[in-house]
Structure formats: structure tokens, C-alpha cells
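Chemist: pasted the sequence and its predicted model underneath.
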Amino acid sequence: MRLKQPKIYLVAGARPNFMKIAPIVRALQTHGRLTYSIIHTGQHYDREMNDVFFEELGIPEPDTFMGAGGGSHSQQTAKIMVAFEELCQSDRPDAVLVVGDVNSTLACAIVAKKLNLIVAHVEAGLRSGDMTMPEEINRLVTDSISDLFFVTEPSGIAHLRREGKQDGAIHHVGHVMVDNLLYQVTKLERADTAAFDTTGFKTANTAAGGRYGVITLHRPSNVDIPYTMRKICHGLKEISAELPLIFPVHPRTQGNLEKFDIDLGPNITLVGPQAYMAFLNLWKDAAVVLTDSGGLQEETTALGVPCITIRENTERPVTIDEGSNVLVGTDPARIVAEVRKVLRGEGKQGRRPHLWDGRAAERIVGILATELGVDEHNAESLDAF
């Protein structure tokens, strides 16, 4: 008699979460001895998350959509917990895998742990040390109750050990976001990019050896405080006199640009939020990326694109220690100075960190299969540690 295959719930609540679980889904499909369901909590939802979005990622649409978005942090977390508990009680999985640091990560980890399910956290151990960040609270609480810790970089191992986690539960596997990035870069090489609405900007500004830069800003600490946002934008405006910039504007940021009456000048092109492939096509060939995003710090390091991070801290220090990222804070003079170094060819030269090789998801699935009693072989032997 064939034994029932263990079932894993893969939880995602926001677009970046799907990009992180996509390689895991593909690895599970290849492995073939674990079943899974994709759970979309509905924390964030937009019209771009349609069948084309999932087709681009090479994964099926979610099996369950809980529609638990909206409201304050507490309201959203509570709605997700109630909905996820009902789901787990009606169709109990063997393990729950959560990714990143959004409210869905926290909510579903708590529910799973109280139901005595195995909790696996992908991107475990990252710490900014900034307790004003909701993401930092989500990381700390999720890791305090997880059973398996899938770590992207050495700092994550150090943090988890310091917090008392056992070495046997900590697995340095690489980075699923990089798995997805390398997968999408290969697809992009075969794609028709003419339909992307930023192709005209890119073509015009790379003609005759020209260059351009890309901006993303969305963190409340940067865009919700008038003084801080004005000084950042002053630096960006100064840079744009030497380097054309394009700025896919987050709705929160767009609203505050208008509210604070900030004029970015004629050399910064504002566009709407971009789909993943269109944005990748834009930033991968940029002279420099200026951002406060966590994920983009890692992706630029993976492809060797100079990155200037407009934050006072980062939970991803490997991008600074080994990669192409420089942390500059919000001082416009420092922002401008670092960009000018890049333009003079004196910018930081980085390398892709250990295990950021496109095989993190394969390692994760191998470890899950071992923990759930399906495989005896532990996939950590794929050059881990």
C-alpha cells in the first residue's frame, strides 16, 4: 500500500513572497515525493497578480485565497490568523513554510505552532536591530517559534545561534530570491521587451553609450517624514543633473511627493509600479540603483549592479560585506558622493555570496523531505557550509 505523501502549506501574502516560493514550488514538482498547497493570505493584492504573473513565475495559481488583507497591522494579522486556523483545521498539513518578514509570515507561523505543526522559515535569522520596523518584529517572533531555519547568509546563522537555536535546526541553503532572479534572467533573454513601458526610456538613455540610474523608495521612515523625504529628493535631483534617473513610484511615495510639494525636476522620469519582468529589464542594466528595498539590495548583489541603499541600517549585511551594496543613510551629500564614485568607475566591486547559485530551493526541499521522513539523504550536501 502506498503511503500518503506529506503535505506542506506554502504561505505567501505579498508579491515578493510569491517570487520566493516559486523556486520552492518548482523544486517540489521536480522532487515529486511531497505534496503542497500554495496559500495566498490576501495581505496584499493587486490586479497585476493574475494568471500571467504566475505563468511568469512558472508556478500554478494559489490553491487557496483567504482575502484577509486591509486594516491596521493588528487587524490584518488577526484576520489572517483566523482564516489560516480554519484552513489548517479543515485540511491539516504536515508542515507550514513561511517566507520573509510580512504580517502573513508572523500570523501563519503562530497558528501553525499552536496546532503543533512543523514551522519552516525561509530567510530566517535576518536582523536590522531596528525595532521601529514592523518587519523586524515579525522576523524575531517568527524565528522564536520556528522549527526549521533556512538561512541566506552567515549573519543569519550568527543571530540564530546567539538567540539559542540549535545548530541542527539551522540550515545555510542560499537564497530562493536569487534562484528566482536567475530563472527570470534566463527567461528575459528570450522575451520580447518592446512592450514594456520603460523600454523607450532605456533605449533613449543607453544610445551612444549613455547611462541611467533607477530609484525605488517606499519605507515609511524615508517617505512619510517631510524633512527626510525632502533631503533625499534634493540629493536625487542633484544626481539627475549628471545621470538620467527613472523612478517607479510606490503609491505611498507618490502621494507624499504631492502632499509635501516636492519637485524632482525634469531629469527624473516618474513611472507607475512595474511588473517583475519589466522592472528586472530596467534595473539589471542600470549604472546604479538607489533604493531602500531589502530585496533589491540582494538582487543587485547577485547580478553585480552597484546599489546605493538609502537607509541607516540593513538586515542584509552580506550585500555590504561581499556584494555591490553601499549603505549611505539619508544624507544627500553622501548619496551624491557615492553615486559620483560609481560614475567615475571607483564604485565598490562585489561578488556573489556563497550558495547564491540558484539551488537554494533544491536544498530546502531536500531538507524538508528528510525532516518529514521521505528521504534519508540531506540536500545540504549540495556545497552547503
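Modeler: On my side now, so go ahead. Computed from a prediction, not measured in an experiment: that's the story for all the values here.
Chemist: who does the helix or strand of the chain with the lowest mean pLDDT touch, helix- and strand-wise?
Modeler: When the helices and strands of the chain are scored by mean pLDDT, DSSP states H and E, helix 51-57 comes last with a mean of 80. If you count contacts as 3 or more C-beta pairs under 8 Å, 6 or more residues apart in numbering; DSSP states H and E, helix 51-57 packs onto helix 15-31, helix 176-189, helix 276-283. For glycine as for every other residue, the C-beta is placed from the backbone atoms N, C-alpha and C.
Chemist: just the CA trace of stretch 217-236, in PDB.
Modeler: Provided in PDB are the C-alpha atoms of stretch 217-236 (Å, rounded to 0.1, in the frame of the first residue of the first chain):
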ATOM      1  CA  LEU A 217      11.700  54.400  -2.200                       C
ATOM      2  CA  HIS A 218       8.800  53.200  -0.100                       C
ATOM      3  CA  ARG A 219       9.900  52.900   3.600                       C
ATOM      4  CA  PRO A 220       7.800  55.000   5.900                       C
ATOM      5  CA  SER A 221      11.000  56.300   7.700                       C
ATOM      6  CA  ASN A 222      12.000  57.800   4.300                       C
ATOM      7  CA  VAL A 223       8.800  58.900   2.700                       C
ATOM      8  CA  ASP A 224       6.400  59.700   5.500                       C
ATOM      9  CA  ILE A 225       8.600  62.400   7.200                       C
ATOM     10  CA  PRO A 226       8.600  65.600   5.200                       C
ATOM     11  CA  TYR A 227      12.200  66.700   6.200                       C
ATOM     12  CA  THR A 228      13.700  63.300   5.500                       C
ATOM     13  CA  MET A 229      11.900  62.900   2.100                       C
ATOM     14  CA  ARG A 230      12.900  66.400   1.000                       C
ATOM     15  CA  LYS A 231      16.600  66.000   1.800                       C
ATOM     16  CA  ILE A 232      16.700  62.600   0.000                       C
ATOM     17  CA  CYS A 233      14.900  64.100  -3.000                       C
ATOM     18  CA  HIS A 234      17.300  67.000  -3.000                       C
ATOM     19  CA  GLY A 235      20.200  64.500  -3.400                       C
ATOM     20  CA  LEU A 236      18.400  62.700  -6.200                       C
END
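Chemist: helix, strand or coil for the most centrally placed residue in the chain?
Modeler: In the chain, the centroid-proximal residue (C-alpha atoms, centre = their mean) is Gly295; its distance is 3.8 Å. Per DSSP: H, G, I helix; E, B strand; the rest coil, the local secondary structure of Gly295 is helix.
Chemist: thought Val178 was touching it, still the case?
Modeler: No - taking contacts as C-beta atoms under 8 Å, Gly295 lies outside contact range of Val178: 10.2 Å.
Chemist: so what's Asn267 closest to, chain neighbours aside?
Modeler: Once flanking residues are discounted, Asn267 sits nearest to Ser240: 3.6 Å by C-beta to C-beta, 6 or more residues apart in numbering.
Chemist: format the helices and strands packed on helix 51-57 as CSV; extra columns: mean neighbour count.
Modeler: Shown next, in CSV, are those (neighbours: other C-beta atoms under 10 Å):
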stretch, mean neighbour count
helix 15-31, 22
helix 176-189, 20
helix 276-283, 21
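Chemist: how about those in JSON lines, adding mean pLDDT and distance to Tyr227?
Modeler: JSON lines is the format used below for those (pLDDT from 0 to 100; distance: least, C-beta to C-beta, whole Å):
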{"stretch": "helix 15-31", "mean pLDDT": "95", "distance to Tyr227": "29"}
{"stretch": "helix 176-189", "mean pLDDT": "96", "distance to Tyr227": "33"}
{"stretch": "helix 276-283", "mean pLDDT": "94", "distance to Tyr227": "28"}
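Chemist: wait, which of these is closest to Ile335?
Modeler: helix 276-283 (17.3 Å; C-beta to C-beta).
Chemist: what's next to the closest one, contact-wise?
Modeler: Applying C-beta atoms under 8 Å, 6 or more residues apart in numbering, the external contacts of helix 276-283 come out as 15, 19, 53, 56-57, 181, 184-185, 187-188, 191, 193, 196-199, 201-202, 214, 246, 248, 274, 289, 296, 299-300, 305.
Chemist: kindly recompute the last result at 7 Å.
Modeler: Applying C-beta atoms under 7 Å, 6 or more residues apart in numbering, the set of residues contacting helix 276-283 from outside is 19, 56, 184, 188, 191, 193, 196, 198, 202, 214, 246, 248, 274, 289, 305.
Chemist: which of those sits closest to Thr132?
Modeler: In terms of C-beta to C-beta, no member of these lies closer to Thr132 than Val289, at 24.4 Å.
Chemist: okay, that closest one: pLDDT?
Modeler: Note on Val289: pLDDT of 98.
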